[in-house]
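**Q** The sequence and its predicted three-dimensional model are supplied below.
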Amino acid sequence: MRNARTTLKVLGWVWLTLILPFAWISIQVIEQLPRKGFPQNLYDTTLGFLFLPGWPIFLTYSVLTLLLLATIVAGILALRSKQDETPTPTKVGLTTTNTIRNNRGATSQIGEAGSGIIIQNSPGAIINPPRVPVQPINDQSDHSAENCSPVRESTASRVERSPWIPFQMKIYEPTQLPISQGNPNDIFPYLAPSPASVQEVYGWKRDRYTLLDCVRRGAGASIVGPRRIGKSWLLHYVRLMISVEHQLGANYRVCYLDTDRCATVYDFTVLVLEQLGVRVSPDNVPWNLEVLDKAISKLILHNISPVLCLDEFESLSGSPRRLQEFDRDFYRGLRAMGQGGVRLVVASKHNLIDIVPPDPLSSPFFNTFEKFLLRPFDDKEAETFAEVKSSQAGLTNQERTYLLKYGTKDKHQWPPIRLQLVGKEMLTAKSLAVSEGSSYYRPDDPDYWRDFEKLVDEKYDAVVVG
């Protein structure tokens, strides 16, 4: 069918370069016919008959007619070839169309609603035959949101790839990435990366309540605080409350990601999709934020609310290379996904306005996030912590007093990690006194507590001050 279009173009050039000039010359010859002696003046034994009356008109109109007929036939064939290349659904019924853009152009996909998505990142089009997902999910929602992705591809992640790479997305029940948790038998889980249960999270009751409410409402949340204040624990608290306790319902999927693991947008996309339970194949697809947005749109259409808990968020802009990789397009796309149904909860040492590069072409990234500033425990929160932990560890009233005394760094401020450190060191000393001798724990000796305080200060400064 492409030959028909080529023929049509050739005929057009023939009309312009040959036929029209020939027609003009024929008209000039016809005008000379009435003149006296005209045919005899041009008479030739071989070509003279061409100039006899009637021949120019007959030849001109014959050629014009044949060319006009050929042009009409070529035009009809070219029109049919264009219609044959237009993709059509293989079944009658509700269809979904997905478009993805990359450095190769834009393409479309059409398939039956509820089937696996096939997206073509090439200049052509591909028809998606109906496919059965790994775990069929009843899909009764509107597919219009899937057709209007506001996310643009990150400039730094535009990698030259093969132009014909169709890929599929399938939703499955994810296996959460293994997260180190403290031993439930450890009463004071010092330096544990995450709490063993939600009961291990103390203080900040108002912040915890409001944080879950932000997730429920779909608003962004930004947890800000100094090093080792408990930001990661609060993110894991959100994860446990949603994934384990199901406080917000069963239709949530949580991804906890330490963004320090992500050197590229590729890493970010792969790790997030793995925890959200979306499998993309083949492996050589353009792993960028637009692919992530398509996957998240699919989850939302299946009534699954994705929650992204992003720890160490400032690491994405921690070096010139990462600033080039996670550029303004990345944050613009992440903000758009947050406005489109993704629950974003980020944790950082600094405010988002100081972390994310300013974008003059879009609304500020930080203005969709509610800020939660974490501070050390106040006296009431510290008393609650000491009361519960003393009861679990069997501490005396005197030891409980020492827990609060050496657990404070500044007046009326008790960093949670320092309280955990003091409690752990006290239990360690008591255990050694039982197995090795009483010299390891002398609660009535002032020199012992002076050395104890020095030990706590050294260990605390080593992990907090650096």
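**A** That came in fine, so what should we check first?
**Q** check contacts around the closest residue to residue 371 other than its chain neighbours.
**A** Take residue 371 and drop its neighbours on the chain: the residue closest to it by Cβ to Cβ, 6 or more residues apart in numbering is residue 222, 5.1 Å away. The C-beta positions use only the backbone N, C-alpha and C, and glycine is treated the same way. When contacts are counted by Cβ atoms under 8 Å, 6 or more residues apart in numbering, residue 222 is found next to 346, 347, 348, 351, 352, 366, 369, 370, 371, 372.
**Q** again, 7 Å this time
**A** Contacts for residue 222 were tallied using Cβ atoms under 7 Å, 6 or more residues apart in numbering; they are 346, 352, 369, 370, 371, 372.
**Q** What of residue 231?
**A** With contact set as Cβ under 7 Å, 6+ apart, residue 231 has these partners: 223, 225, 347, 374.
**Q** 8 Å instead, please
**A** 223, 224, 225, 311, 347, 348, 374.
**Q** Next, find the distance separating it from residue 391.
**A** 27 Å (Cβ to Cβ, to the nearest Å).
**Q** How about residue 434?
**A** From residue 434 across to residue 391, the span is 20 Å (Cβ to Cβ).
**Q** Now do the SS call for the residue nearest to residue 421 when sequence neighbours are not counted.
**A** Residue nearest to residue 421 in three dimensions, not counting chain neighbours: residue 190, with 5.2 Å by Cβ to Cβ, 6+ apart. Following DSSP: H, G, I helix; E, B strand; the rest coil, the label given to residue 190 is coil.
**Q** do residue 280 as well
**A** In three-state terms, and counting by three-state DSSP, residue 280 is strand.
**Q** Shouldn't residue 207 be within a helix?
**A** Yes: secondary structure of residue 207 (three-state DSSP): part of a helix.
**Q** Could you verify my assumption that it touches residue 370?
**A** No: distance between residue 207 and residue 370: 10.1 Å, which falls outside the contact criterion (Cβ atoms under 8 Å).
**Q** related to what we said a few turns ago, could you export the contacts of residue 222 as JSON lines, including secondary structure and distance to residue 255?
**A** JSON lines is the format used below for the contacts of residue 222 (DSSP: H, G, I helix; E, B strand; the rest coil; distance: Cβ to Cβ, whole Å):
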{"residue": "346", "secondary structure": "strand", "distance to residue 255": "12"}
{"residue": "352", "secondary structure": "helix", "distance to residue 255": "19"}
{"residue": "369", "secondary structure": "strand", "distance to residue 255": "17"}
{"residue": "370", "secondary structure": "strand", "distance to residue 255": "20"}
{"residue": "371", "secondary structure": "strand", "distance to residue 255": "22"}
{"residue": "372", "secondary structure": "strand", "distance to residue 255": "19"}
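**Q** most neighbours, which of those residues?
**A** residue 346 (28 neighbours; other Cβ atoms under 10 Å).
**Q** Enumerate every residue touching that one.
**A** Counted by Cβ under 8 Å, 6+ apart, residue 346 has contacts 220, 221, 222, 223, 309, 310, 311, 313, 352, 369.
**Q** cool, residue 235 as well?
**A** Shown in contact with residue 235 (Cβ under 8 Å, 6+ apart): 223, 256, 309, 311, 345, 347.
**Q** Reformat the residues you listed as CSV; add pLDDT and secondary structure.
**A** Formatted as CSV, the contacts of residue 235 follow (pLDDT from 0 to 100; DSSP: H, G, I helix; E, B strand; the rest coil):
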residue, pLDDT, secondary structure
223, 98, strand
256, 95, strand
309, 97, strand
311, 97, strand
345, 98, strand
347, 98, strand
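**Q** Who are the contact partners of residue 350?
**A** With Cβ under 8 Å, 6+ apart, residue 350 has these contacts: 224, 314.
**Q** Any figure for the gap between it and residue 231?
**A** To residue 231, residue 350 is 12 Å away according to Cβ to Cβ.
**Q** Equivalent analysis for residue 259, please.
**A** As judged by Cβ to Cβ, residue 259 and residue 231 stand 13 Å apart.
**Q** residues shared between the contacts of the two?
**A** With Cβ under 8 Å, 6+ apart as the test, residue 259 and residue 231 both reach residue 311.
**Q** Nearest to residue 398 among the contacts of residue 346?
**A** Set against residue 398, the nearest of the contacts of residue 346 by Cβ to Cβ is residue 223 (36.1 Å).
**Q** Identify the bridge partners of that closest one.
**A** residue 347, residue 372 (DSSP bridges).
**Q** I'd like the distance between it and residue 236.
**A** Applying Cβ to Cβ to residue 223 and residue 236 gives a distance of 11 Å.
**Q** which one of the contacts of residue 235 is nearest residue 213?
**A** For the contacts of residue 235, the nearest to residue 213 is residue 345 (12.0 Å; Cβ to Cβ).
**Q** Buried residues, stretch 364-377. List them.
**A** Neighbour-count burial for stretch 364-377 flags 365, 366, 368, 369, 372, 374, 376, 377 (criterion: 16 or more other Cβ atoms under 10 Å).
**Q** Could you work out the end-to-end span of that stretch for me?
**A** Chord length of stretch 364-377, first to last residue, is 32 Å (Cα to Cα, to the nearest Å).
**Q** go on, stretch 403-423?
**A** Start-to-end, stretch 403-423 (Cα to Cα) is 6 Å.
**Q** mean confidence for that stretch?
**A** Averaging pLDDT along stretch 403-423 gives 94.
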